[in-house]
Structures are given as C-alpha cells and as structure tokens.
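> using only what follows, build the 3D model:
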Amino acid sequence: MGRRAVRTCRLVTLGCKVNQYETQQIKEALLRADFREAAQSEPADLCVVNTCTVTENADSRGRQVVRQLARENPNCQTIVTGCYATHDPDSVARLPNVIEVVPDKRELPDVLLRLGVAEFPTGISRFDGHKRAFVKIQDGCILRCSYCIIPHVRPRLESRSPEDIADEIRRLIDFGYEEIVLTGIHVGHYGVDTTRGRSGRTPFRLWHLLQRLDHIPGRWRLRLSSIEAAEVSDDFISAAAACEHLCPHFHPALQSGSDTVLARMRRRYRVTQFLESVAKLHDRLPNPALSTDIIVGFPGETDAEFEQTLDTCRQARFMKIHVFPFSRRRGTRAALMPNSVTAPVKKARCQELTRLETELTRQYAATLAGREVEVLVEGLSTTRPGFVQGTDRRYVSVELPGNSRDFGHLVTGRALPTGEKDLVASRLSAPHLASVFDSDCLESRPSSA
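This next block holds a predicted model:
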C-alpha cells in the first residue's frame, strides 16, 4: 500500500502572542500528519488563518488575508479560527475557499480530524520564527472594560495545569530557547477558574506557578507578558522577588492616568491604587523595569485629563509606553459614548506621549550604566559592524560585540554610559563568540523576536 502524498499548508497569524502560540500548536499538529509548509511561491492545499478582532481594522485585515490566500492558492481549502471567527462567523463563512469556520478553538481537533489530523498536541515543542518562546498559561477574561471586545469572544476562564506548563517549558529549553514568555488573555487570572465557586479547593495562583517554574534547572529566563496592577499583591511580589529565573520587568497596563477616564473605561483601579502597586515593585525588587499601555483620545478625554496621564506616567517611572489612539469598536460600551476626540488631537497627544516615553526610556537606561546586563541576542546590529543587538532582562535594547552564532543565546555584558535610550555594552561572556567579524554563519532559527 503506497504512502499518502504529502499535502502542503500555509498558516497566517494576526494579533496577539496568544494567537501566535495557538498557530504554532496547529502547525505542529499538521506537520505530524503528512503536511509540510508550502514554500513561498508554492500553492498550498490547506490554509489556516488565525484572526484577531480587537479593532474593526483587525476584522478588515482578516478578510483581506483570506481573500489574498484564495487568489494565490485558488484550489486551497481554508480554515479560519481566532477571535474574528468567533465574533462574526457568518461573515467569515462567506469568504472565498473557506470550508470551516472555528468559532470555538476547542473544536479545532475535531475539525482537523476530518482532514486526517489524528493527533492534536496539548502544547508546543518549538516556536518557529522566534528567538524567545511564548507559552500560553490561560485563556479568557471576565472583566468588562468599556472599550474591549475580547471578553465577549473569549469569556471562559481556563487555566492550564502547572504540570503541563512545566513540561512544555522543559521541552522548549531542551530545544534551545533561553527565554520563555508566559502569556494569556488575562495572565493575572491564572488559576482563578480552578477554585472559583468551589469550596475546599486549595488556590493555585500565578505566584504559585512562578515558584513552581523557578525550580526548572538551566540557564534560561522567564518573562511575564503582562499583569494588572490590581493583581500586584504582596504574595505576588514576594514570589517575584525570590524567583531566580524571572526577569524584573513587568507590564501593568495603565490605559489612562486620569481617574475620570478610568471610570469611563470601567477599569478596576484608580490612579492612587495603581501608583501604590508600582511603588511596591520599585521598593521590593532591584531596579525593576515597568512598561505599560496607554489609550489616547478616549471619548471625552480633555486636555486636563491627558495632562494627568502624562503626570501619572512620570510618577510611575515607566521605561516603555505602548501608545494606542482610541478606535471605536462596535459591540462595546465605548463605541456609543459621546464627545469623540478629533483625529488631529489624538495624533498630537500620541506624539507628545511618545516624546515623554523617549525621555523616560533614556532616564531608565542611564540607571543601568556600569551594571552587568544579560542580553538575549536577536539579530545583528544595523549600525555597528561586529555588534549584535538584543534585549536585557529589564527589556532594554542593548548592542554588544558578537556575531550570528550568538542568536537566541543569553550573553553577558557591561552597560556603557551613552545618554541614549538604547544601551551599548562591552562583552563579558563569550561562549558562542568565534569572531566579532564573522557574521555569515546564520543559525537556522530566524532572527525575529
């Protein structure tokens, strides 16, 4: 009996770290079942699109991708999953070549089984195209922020077992990854579903997971993708301070530094509470790095409220700020709010906040001058021959002597005073360094983050 012909597949991911992780999981299931990834100019038999719906532009991008795949792969079968598939499955089903819309990812194994994919992995063994590996630890969000559609499409809290997470991290470390990023839809709610409404169950929360994972041996480091300020408890801080592998970088999303805007956003905290939480991190951890998200131009945001946001960012001492102009999302409360902020005002405020971010990043980088830095090397420097660039434990960009053999590895250096927001370091460790001028030997893993 002859062997079944190998089928080709193409996978496209839109959106967040969780989607990127879930696509890798789908990819590993397909590769185990006589599929291979199609080459760039080769038509694919099967296309899988993992969509995002955080904005209406994300919906539009999802439709564009499916149509483009149909043009480039006219005979393909397309499966569409992800948040847009959940939010509007009927619209997705009408797109060309779509044979399956999967609004609930728990149905994916059954859908793929109909295509001959008998085994769907519980986790991943590698993270193609990345120097660091993301590990999804939970799904779902039960909050109801007025601007966010995600709790409507991922409302079910579901935490993975600590044993499965630890096993997956060990596999990834064995494969060669030296940085692991814990991610989820609401990472701080890890474990809430396991004891919610169940008396007698011993809670196992995020800080318990950090303690468990910290026992995994080897030279590797752990990073949290995000955490809400309301979840920065004394228990969490104590665990974080004691974890050898955990990076001292945290991402509490502020969204606005004005109490009145936070109330309209239906966030769970006010500015004083937020600043108290980050002050605890500053007090109890060694020079922690704090990054955040800010939505600019939320409905009704006044000049005074925006100035409050600038002041709060200064007080919190953020080292990086992700700035997002407000975009109305149908299906959310905020989409119906009056007093829209005009596009020119939003643009000007984004520019002002970006200027502040540059100032704060430069100030934070100066605190690292003369200190030892541990850098995950991600690529070659574009400005300094014989140098590589990567990210420190505190999420600061660093350049130091090296070559492509360092890609994906942790390299130790000493930060030099530059006065800029990005660091330059001398090199202290050289386990992978052959010659700082040898940049032709590229490692098989791509150099993207």
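
> quick one: residue 414 from residue 324, how far?
35 Å (C-beta to C-beta, to the nearest Å). C-beta: built from backbone N, CA, C; applies to glycine.

> thought residue 56 was touching residue 327?
Yes. Counting by C-beta atoms under 8 Å, residue 56 does reach residue 327; the two are 7.3 Å apart.

> can you tell me the SS state at residue 130?
coil (DSSP: H, G, I helix; E, B strand; the rest coil).

> ok, residue 9 next?
Here residue 9 is recorded as strand under three-state DSSP.

> what's across from it in the sheet?
On the basis of DSSP bridges, residue 9 is bridged to residue 37, residue 46.

> verify the stated contact: it with residue 43.
No. Using C-beta under 8 Å, residue 9 is not in contact with residue 43, being 11.0 Å away.

> tell me which of the two has more neighbours.
Applying other C-beta atoms under 10 Å to residue 9 and residue 43 shows that residue 9 carries more neighbours, namely 22 against 14.

> and the closest residue in space to residue 207 that isn't next to it in sequence, how far is that from residue 159?
Among residues not flanking residue 207 along the chain, residue 239 sits closest, at 3.6 Å (C-beta to C-beta, 6 or more residues apart in numbering). According to C-beta to C-beta, residue 239 and residue 159 sit 17 Å apart.

> repeat for residue 374
30 Å.

> from the contact counts, what lies against the host helix or strand of residue 19?
Element membership of residue 19 [criterion: DSSP states H and E] is helix 17-31. Applying 3 or more C-beta pairs under 8 Å, 6 or more residues apart in numbering; DSSP states H and E, we find helix 17-31 packed against strand 7-13, strand 46-51, strand 77-82, helix 108-113, strand 133-139, strand 179-184.

> may I see those organised as a markdown table, with distance to residue 395 added?
Output for the helices and strands packed on helix 17-31, formatted as a markdown table (distance: least, C-beta to C-beta, whole Å):
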| stretch | distance to residue 395 |
| --- | --- |
| strand 7-13 | 22 |
| strand 46-51 | 26 |
| strand 77-82 | 27 |
| helix 108-113 | 32 |
| strand 133-139 | 15 |
| strand 179-184 | 11 |
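
> quick one: buried residues of stretch 56-68?
Across stretch 56-68, burial judged by 16 or more other C-beta atoms under 10 Å covers 58-59, 61-63, 65-66.

> next, give phi and psi for residue 33.
phi -120, psi 50 (degrees, to the nearest 10).

> got a list of what it touches?
Contacts of residue 33 were listed using C-beta atoms under 8 Å, 6 or more residues apart in numbering, and they are 112, 115-119.

> related to what we said a few turns ago, only alpha carbons, please: show the helix holding residue 19 as PDB.
The C-alpha coordinates for helix 17-31 follow below in PDB (Å, rounded to 0.1, in the frame of the first residue of the first chain):
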ATOM      1  CA  LYS A  17       1.000  36.500  21.500                       C
ATOM      2  CA  VAL A  18      -1.700  34.000  22.400                       C
ATOM      3  CA  ASN A  19      -2.700  33.700  18.700                       C
ATOM      4  CA  GLN A  20       0.900  33.200  17.700                       C
ATOM      5  CA  TYR A  21       1.200  30.400  20.300                       C
ATOM      6  CA  GLU A  22      -2.100  28.800  19.100                       C
ATOM      7  CA  THR A  23      -1.000  28.900  15.500                       C
ATOM      8  CA  GLN A  24       2.300  27.100  16.400                       C
ATOM      9  CA  GLN A  25       0.200  24.400  18.100                       C
ATOM     10  CA  ILE A  26      -1.900  24.000  14.900                       C
ATOM     11  CA  LYS A  27       1.200  23.900  12.800                       C
ATOM     12  CA  GLU A  28       2.700  21.100  14.900                       C
ATOM     13  CA  ALA A  29      -0.500  19.100  14.600                       C
ATOM     14  CA  LEU A  30      -0.400  19.400  10.800                       C
ATOM     15  CA  LEU A  31       3.300  18.600  10.500                       C
END
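
> picking up where we left off before, in helices, which of the contacts of residue 33 fall?
residue 112 (DSSP state H).

> and which of the contacts of residue 33 is nearest to residue 137?
residue 119 (22.3 Å; C-beta to C-beta).

> in TSV: the buried residues of stretch 56-68, plus secondary structure.
Below are the buried residues of stretch 56-68 laid out as TSV (three-state DSSP):
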residue	secondary structure
58	helix
59	helix
61	helix
62	helix
63	helix
65	helix
66	helix
